Structure formats: structure tokens, C-alpha cells
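Visitor: quick one: sequence plus predicted model below, questions after.
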Amino acid sequence: MSERLLIVDDDEVLTRTLKRAMERRGLTVAIARNRAEVIEQLNQARFRYATLDLRLEKDSGLNLIEPMIALQPHLHIVVLTGYASIPTTVEAIKLGAQDYLCKPASGDEIYAALTGQRAEEIEVPDRPLSVDQMEWEHIQRVMAEHDGNISATARALNMHRRTLQRKLQKHAPGIAPDINE
């Protein structure tokens, strides 16, 4: 029986590509696109691995790490994001993720991170984050502090709720939608 992987991402193209790549490597794959689907999947089957996108619909993937581990304590979680930053990397690891990869990542890189075969340290880009990326990271951090509550996050950021919603509907700066296989 092959080990099970839960892909948590709301990008259909990416999940379809990643699913094929991981199935070729012998994993049985299920997909969840939001919090409700994650909880449902974890209640229905036992998983060894999970990839978790940092941005899911209107929620931060960081908010899912603890509930996922509470349901399946031995779950090995790898956070995937459009760019890496030290604050979100540290937060993800503190919450219980085992690794953190920047998109686009190859199927081999993701499989190595999932199975603990990745030898190098977590990579943070050499170039500084753009202003858009820093803003995105700050919004995600504040949203995580307010458990994904958009109204509370908007108040904390001194921003109109509709402005925040528009910013959240856009993809994070620097995201590439496909996975190199």
C-alpha cells in the first residue's frame, strides 16, 4: 500500500500537475481546496504527507497547520508559497510544518521535502522582497494573528475591509502557477 499525500491548494492547474508528479513517485494523492475539505479529508483517511499552500481562497494556510496536526499528529507538512520570507518560514515551522518551499518547485524538490530527503537548508531568496511582497507577507501575518477574520484584520491594518478583500483576491506577488516536473 502506498503512502498518502494530501495536496491543499486552490489552484486547479497546480494541483492537477502536482498530483500527477507525486503519483508517478508512488504516492496516493487526495486534494483539498479549502479548510472544510481539509478537515473532511483528514477525518476520512490517514495521510503521511501534506503540501499546504500559504494562500487559500480567503484564508492563510498558516491557520490550517495546527488543526491538521491536531487531527493527524504524525502528518509531515510542507508549506508551498509563491515566495519565501523569513517571518512566514519561521511561523510555519513554529506551528508544526516540517519544511517550506518556494514555488515554482520541481516534483523532485517537493518529493524530497515531503520524504525528508532534502539536504539543503530552507531557501530564502538572495534578493530583497519587493514592496508588494512585503505588503502581502504583512497582510498574511496580521490575518493569521486574527484567525483569518477579514474585518478584524482590516481594522488592525487600518484599512477598509473592501480594500483588503480586493488585495486578498489577487495572487501573491511572484507566484508562478505551474510546477516543473
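Guide: All right, it came through fine. Numbers count the residues shown, from 1 in each chain.
Visitor: what sits against residue 48?
Guide: 3, 4, 5, 74, 75, 76 (C-beta atoms under 8 Å, 6 or more residues apart in numbering). In short, each C-beta sits where N, CA and C put it, glycine included.
Visitor: give me the number of residues near the second one?
Guide: Going back to what we said before, that points to residue 4. 17 (other C-beta atoms under 10 Å).
Visitor: quick one: it from residue 44, how far?
Guide: 11 Å (C-beta to C-beta, to the nearest Å).
Visitor: so what's the spatially most central residue of the chain closest to, chain neighbours aside?
Guide: Nearest residue to the geometric centre of the chain (C-alpha atoms, centre = their mean): residue 53, 2.1 Å. Setting aside the residues directly before and after it, residue 53 is nearest to residue 9 in space (C-beta to C-beta, 6 or more residues apart in numbering), at 4.1 Å.
Visitor: pull the CA atoms of the lowest-mean-pLDDT helix or strand in the chain into PDB?
Guide: Least confident helix or strand of the chain, by mean pLDDT, DSSP states H and E, is helix 131-145 with a mean of 75. Only the C-alpha atoms of helix 131-145 are listed here, as PDB (Å, rounded to 0.1, in the frame of the first residue of the first chain):
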ATOM      1  CA  VAL A 131       7.300  46.300  -1.700                       C
ATOM      2  CA  ASP A 132       4.300  44.200  -3.000                       C
ATOM      3  CA  GLN A 133       5.700  41.000  -1.500                       C
ATOM      4  CA  MET A 134       6.400  42.700   1.900                       C
ATOM      5  CA  GLU A 135       2.900  44.100   1.900                       C
ATOM      6  CA  TRP A 136       1.500  40.600   1.100                       C
ATOM      7  CA  GLU A 137       3.600  39.000   3.900                       C
ATOM      8  CA  HIS A 138       2.500  41.600   6.400                       C
ATOM      9  CA  ILE A 139      -1.200  41.100   5.500                       C
ATOM     10  CA  GLN A 140      -0.800  37.300   5.800                       C
ATOM     11  CA  ARG A 141       0.900  37.700   9.200                       C
ATOM     12  CA  VAL A 142      -1.800  40.000  10.600                       C
ATOM     13  CA  MET A 143      -4.600  37.800   9.100                       C
ATOM     14  CA  ALA A 144      -3.000  34.800  10.900                       C
ATOM     15  CA  GLU A 145      -3.000  36.700  14.200                       C
END
